[in-house]
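# Fold the following and give me the result.
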Amino acid sequence: MRFLLLFDILYYMIKKVVQYAWSARYQFVKYFAVGLSGVFLDMATLIFFKEKLLLLPVIAVSINQFIVLVYNFILNKYWSFKNTQIPHKQIVRFGILALWNYLFSIMTMYLFTIIFSYDYRFVRVVTIVVAVSWNFLLYKHWVYRKEGLGPACRQGLQKP
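Numbers count the residues shown, from 1 in each chain. Below you'll find the model as predicted:
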């Protein structure tokens, strides 16, 4: 009897996750496209700053993050998440998330290039992949959420 109850709960949870993933697929594809183009911009500016301007990897990633953050904010706000609200609160939320991602990038770059002597390009790609794992959900449900609406109303406003 308990096994059937546990199975029903597990089935319900998996079903909800699949339904959510299916409903967010178009946004995720756009988010992924912005992110992929952002990776190219990120790596190109990082390599340019490191190889052509001869900056330390930690300094180069500090500078290129600002460029990539502005690029990602604008494209995700207006294209991926189709948000047209006044961006004041979104900029603050984005800034908090960006600050976390920024510190995470710099700390990992320092740790793995200076202390463990890994190649800076490899370290950057890994940190990007890790950050993608939390950024989509935080962008969708926190940074670009529709203000003044409950979750049920926000869900109803999204196109499948």
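# Pull out the buried positions in the host helix or strand of F136.
Per DSSP states H and E: F136 is located in helix 120-138. Neighbour-count burial for helix 120-138, counted by 16 or more other C-beta atoms under 10 Å, picks out 120, 123-124, 127-128, 131, 135-136, 138. (Glycine included, C-beta is placed from N, CA and C.)
# Would you reformat the residues you listed as CSV and include distance to K52 and pLDDT?
Listed next are those as CSV, based on distance: C-beta to C-beta, whole Å; pLDDT from 0 to 100:
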residue, distance to K52, pLDDT
Y120, 14, 89
V123, 19, 91
R124, 16, 87
T127, 22, 90
I128, 21, 84
A131, 25, 86
N135, 29, 87
F136, 32, 86
L138, 33, 91
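# closest to V92 among those?
Closest approach to V92 among those (C-beta to C-beta): L138, at 13.4 Å.
# residues touching the closest one, list them.
By C-beta atoms under 8 Å, 6 or more residues apart in numbering, the contact set of L138 is L97.
# Now do the same for C153: its pLDDT.
Predicted confidence (pLDDT) at C153: the value is 48.
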